[in-house]
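K.L.:
test case, fold it:
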Amino acid sequence: MPTLRAELLFTPDCPHADRAETLLRHVLATEGVTAPIERVPIDDLDHAAGLGFHGSPTIRLDGIDVAPGSDDSIALACRRYAQPDGTIDGVPPEAAIRDALHARLAARAPRPGPMARAREVPGHVMRAGFVWASQRDSLEHLTKRLPLTRGLVRRFIAGEDLPSVLTSLTRLHEAGFATTVDVLGESVTSEADASAASDRYIELLSALVERGLDANVSLKLTQMGLDIDPAACRRTVGRVVDRAVASGAFVRVDMEDHTRTEATLAIARELFQRHGNVGVVIQSYLRRSAADVEALIADGMRVRLCKGAYNEPASVAFSSKAEVDDSYVRLTERLLRDGTYPAIATHDERIIAHTRAFAAREGIGPERFEFQMLYGIRRDLQEGLIAAGYRVRVYVPFGREWYPYFMRRLAERPANVLFIIRNLVREGRR
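P.N.:
Next comes the predicted model:
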């Protein structure tokens, strides 16, 4: 596929040209797109007319203006761009550049042939089925009564209430594992629900400290009200972090789909800068992740690296397993070299072997990073890493809201069904 063509058109005396170029480079970097920027100086109307130039500066991607206006007159004057907050500036809004980039990448993505589309049908059907099932109360009641389902849930969810998860955590700690706990809950619909969710986390932290267990929790910002009111979300999650600070605990902010990445990183950074006991998650399948990792390394913030499980568009995420794995390996190496105690969260044996070999070759000791895995997945692999002297932290979800959580995780990527079955068979334990 030919390289994306990025152009900055400007008049020689334009006071905003350099700032526009810096903004364009930032967007390209955060979206994981490598493209040279061609600077095109325009100093007369004939040249401007030949390029359809409407003012300085103008940013074009593949020859298309990222912020076309209603005025199509040819001009050498400074352009004025309306910003999302209603102000006027001399450069296009970052969101306009990002949206234009997504559109160009989507247009360039290869269209699947008939056979490829046919192979996608089962996945689409399964995804639709899981989403439909997640919204059916009758199926939830039935599923919770089925012996087979209850067995699966016990395998992957560490109980429905606090006493049961504390029992599971104690057992894991006695076996030498570190843990992080997730109080299950989907996106909330009111500030009261968000506050109740934070109360559950505060209760959990108190119980972990009281019993001398690993005071480490993971939470999603949508459960804290991100989709309702970002400001209220900051206050709500801040209550949890304040309690964590008081007890010497650690809070990891989980990552969700790409539409919430920027807001999640912003809130996690604010909390980290204020308290220092906050980490965040980066997903290797997002094109922007390399730039995000560099920024987080510079901040000194702890990163959990995972592949990502949401069904994202090709404009923002790598679509093939080979690309996702390659990105994961490159980000792992970068974090091992210069990151602050990174968490390598994967069940991929090939990547785990590469991580171990790279760390040994670079003289990076096991005390400088940890592996993380899901509760109930590849217990044989978890035990093997512990025996080899590595730290393994188990991600432990619990709560009564396991049904929508479980179904939506399967809907996000139906291949997870095969992943679970394959790993159950591989371990030889049911």
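
K.L.:
give me every residue that touches residue 67.
P.N.:
59, 81, 92-93, 96-97, 100 (C-beta atoms under 8 Å, 6 or more residues apart in numbering). Just so you know, the C-beta spots here come from the backbone N, C-alpha and C atoms, and that holds for glycine as well.

K.L.:
again, but for residue 57
P.N.:
Counted by C-beta under 8 Å, 6+ apart, residue 57 has contacts 8-10, 14, 16-17, 20-21, 79, 90-91.

K.L.:
repeat the analysis, applying 10 Å as the threshold.
P.N.:
8-11, 14-21, 23-24, 39-40, 42, 78-79, 81, 90-92 (C-beta atoms under 10 Å, 6 or more residues apart in numbering).

K.L.:
same check, this time on residue 374
P.N.:
Residues in contact with residue 374 (C-beta under 10 Å, 6+ apart) are 156, 306, 345, 347, 382, 394-397, 420, 423.

K.L.:
so which of these sits lowest on pLDDT?
P.N.:
Among the contacts of residue 374, residue 423 carries the lowest pLDDT, at 57.

K.L.:
can I get stretch 381-399 in CSV? Just the C-alpha atoms.
P.N.:
Listed next in CSV are the C-alpha coordinates belonging to stretch 381-399 (Å, rounded to 0.1, in the frame of the first residue of the first chain):
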residue,chain,number,x,y,z
LEU,A,381,1.5,-21.6,32.6
GLN,A,382,1.0,-19.3,35.6
GLU,A,383,2.4,-22.0,37.9
GLY,A,384,5.4,-22.6,35.6
LEU,A,385,6.3,-19.0,35.6
ILE,A,386,6.2,-18.8,39.4
ALA,A,387,8.4,-21.9,39.6
ALA,A,388,10.9,-20.2,37.2
GLY,A,389,11.2,-17.2,39.6
TYR,A,390,8.9,-14.7,37.9
ARG,A,391,6.2,-12.7,39.5
VAL,A,392,2.8,-13.5,38.2
ARG,A,393,-0.2,-11.2,39.1
VAL,A,394,-3.6,-12.8,38.5
TYR,A,395,-6.5,-10.5,37.4
VAL,A,396,-9.4,-11.6,39.6
PRO,A,397,-13.0,-10.5,38.7
PHE,A,398,-15.9,-11.0,41.0
GLY,A,399,-19.4,-9.8,41.5
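
K.L.:
how far out from the middle of the chain is it?
P.N.:
Offset of stretch 381-399 from its chain centre (C-alpha atoms, centre = their mean, to the nearest Å): 22 Å.

K.L.:
stretch 270-279 too?
P.N.:
18 Å.

K.L.:
ok, stretch 210-229 next?
P.N.:
Here stretch 210-229 is found 16 Å from its chain centre; the criterion is C-alpha atoms, centre = their mean.

K.L.:
stretch 254-268 too?
P.N.:
A distance of 7 Å separates the centroid of the chain from that of stretch 254-268, by C-alpha atoms, centre = their mean.

K.L.:
mind picking the two most distant members of the contacts of residue 67?
P.N.:
Pairwise distances across the contacts of residue 67 (C-beta to C-beta) peak at 12.9 Å, for the pair 81 and 100.

K.L.:
common neighbours of the two, please.
P.N.:
Counting by C-beta under 10 Å, 6+ apart, the contacts common to residue 81 and residue 100 are 66-67, 92.

K.L.:
so which bits of stretch 232-250 are buried?
P.N.:
By neighbour count with 16 or more other C-beta atoms under 10 Å, stretch 232-250 contains the buried residues 233-234, 236-238, 240-241, 243-245, 249-250.

K.L.:
can you give me the strands for this protein?
P.N.:
Here the chain has its strands, by DSSP state E, at 6-10, 37-41, 58-61, 64-65, 81-82, 88-89, 178-183, 216-219, 250-253, 278-283, 303-306, 343-345, 370-374, 392-398.

K.L.:
lowest average pLDDT across those?
P.N.:
strand 64-65 (a mean of 88).

K.L.:
who does it pair with, and is each partner parallel or antiparallel?
P.N.:
If you go by DSSP bridges, strand 64-65 pairs up with strand 58-61 (antiparallel).

K.L.:
now do the buried residues in the partner strand.
P.N.:
Residues 58-61 are the ones in strand 58-61 that count as buried (16+ other C-beta under 10 Å).

K.L.:
for that strand, output the C-alpha coordinates as CSV.
P.N.:
C-alpha atoms of strand 58-61 as CSV (Å, rounded to 0.1, in the frame of the first residue of the first chain):
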residue,chain,number,x,y,z
THR,A,58,-3.9,24.2,5.1
ILE,A,59,-3.3,20.5,6.0
ARG,A,60,-4.1,17.9,3.4
LEU,A,61,-4.1,14.1,3.6
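
K.L.:
ok, residues contacting it?
P.N.:
Here strand 58-61 has contacts from 4-11, 14, 17, 20-21, 23-24, 27-28, 33, 35, 37-38, 40, 42, 48, 51-53, 65-68, 79, 91-92, 96-97, 100-101, 103-105, using C-beta under 10 Å, 6+ apart.
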